[in-house]
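Novice: Just a sequence and a predicted model for now, questions to come.
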Protein chains: 2
Amino acid sequence: MERKRLPNDACPIARSLDVVGDWWTLLVIRDALAGVTRFNTFQRCLGVARNSLSARLTALLERGLLEKRPPSDGSAFMEYVLTAKGQALAPVLIDLEQWGITHARGSAKNAPTFVDRRTNRRPRTLRMQSSDGKLLHASDIVGSQAWRERFRF
Amino acid sequence: MERKRLPNDACPIARSLDVVGDWWTLLVIRDALAGVTRFNTFQRCLGVARNSLSARLTALLERGLLEKRPPSDGSAFMEYVLTAKGQALAPVLIDLEQWGITHARGSAKNAPTFVDRRTNRRPRTLRMQSSDGKLLHASDIVGSQAWRERFRF
DNA sequence: CCGTATCCATTCCGATACTG
DNA sequence: CAGTATCGGAATGGATACGG
């Protein structure tokens, strides 16, 4: 399950992708965030093979993004719920959803999305801000000086 | 290069991951956003095999996230630069960076990050807001009703 | 209903060598 | 410097069968 060691362990993005960068993981988080808690529900939603799902869930438990909890209802089975660490990925998914709507529109209509449970409406698009609060465009972003020097670009 | 067709083509997140969900793509976007434009610079930064890099870049050109442009300096070689579509992924990377710093701290120090080129400081952490502007926590998020009904959870 | 184990096909990636 | 071609090994994912 381990990929090749990333060349740049110091990069937080690379470290994040080392945890959630593989194919299914973010989709599992998506479903968990939407309220899915049970193995078979994940399986129905994702259409993933059961063994792959099992491997993903186990990895996410080990990494501390999910935890197993006794059933909240009367059921006999454990539930998978996001930890705070897992919940913290919500902005990533919101952004991916927004990007998909804007830039990866398929033939099908946009159906399943996240909503605010209070208002039943989608969250606002997240906007980048500089440290002093000014709106930031992608072209205002640049790699840190240390990085640019290290790789000479 | 095509993976299995996702069961839920209507989901914008799944569609996004269909484009940028594989292992190297987001790291290529990261470097492009940081200011990398040349093949060998990408290769140095990523430590990826040259053929893999070639495949990723070609795919990104086809998908319209990158475009090839004549050199801005006197050089003889083309440059890879992000299109607006590619730039629109910046929030995703900012979020992943923030998550990595907070939740995937390794032994190494955090080194390479994005900065605002004007202030030389990191962008603010993006916060989720509901449609009426109120701050939103991950637990306030839920899957849309259509989705919940379709998969019965 | 909830998972794990086995098997097999495919894909992906890295190393290397080669061309312009 | 900027890629492409080929090859072999590793990891992933799907189908299926099996036990809790």
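Specialist: Perfect, thanks for sending it.
Novice: what helix or strand is the residue sitting nearest the centre point of chain A on?
Specialist: Centroid-nearest residue in chain A, with Cα atoms, centre = their mean: A:Leu26, separated by 4.2 Å. For A:Leu26, the host element (DSSP states H and E) is helix A:25-34.
Novice: is any part of the next helix or strand after that helix close to DNA strand D?
Specialist: Downstream of helix A:25-34, the next assigned helix or strand under DSSP H and E is helix A:39-46. No. Taking Cβ under 7 Å from any atom of the strand as the criterion, helix A:39-46 and DNA strand D are apart, separated by no less than 8.2 Å. Every residue, glycine included, has its C-beta placed from N, CA and C.
Novice: Which neighbouring elements make contact with helix A:39-46?
Specialist: helix A:25-34, helix A:50-62, helix B:145-151 (3 or more Cβ pairs under 8 Å, 6 or more residues apart in numbering or on different chains; DSSP states H and E).
Novice: Recalculate using a threshold of 6 Å.
Specialist: If contacts are counted by 3 or more Cβ pairs under 6 Å, 6 or more residues apart in numbering or on different chains; DSSP states H and E, helix A:39-46 sits against helix A:25-34.
Novice: Off-centre distance for the helix it packs on?
Specialist: 7 Å (Cα atoms, centre = their mean, to the nearest Å).
Novice: Which residues does that helix contact?
Specialist: A:20, A:42, A:45-46, A:56, A:82, A:89-90, A:93, B:13, B:141, B:143 (Cβ atoms under 6 Å, 6 or more residues apart in numbering or on different chains).
Novice: Between the residues you listed, which sits nearest DNA strand C?
Specialist: Taking Cβ to the nearest atom of the strand as the measure, A:Phe42 is the one of the contacts of helix A:25-34 closest to DNA strand C, at 8.3 Å.
Novice: show me what contacts the closest one?
Specialist: Residues in contact with A:Phe42, defined by Cβ under 6 Å, 6+ apart, are A:31, A:36, A:53.
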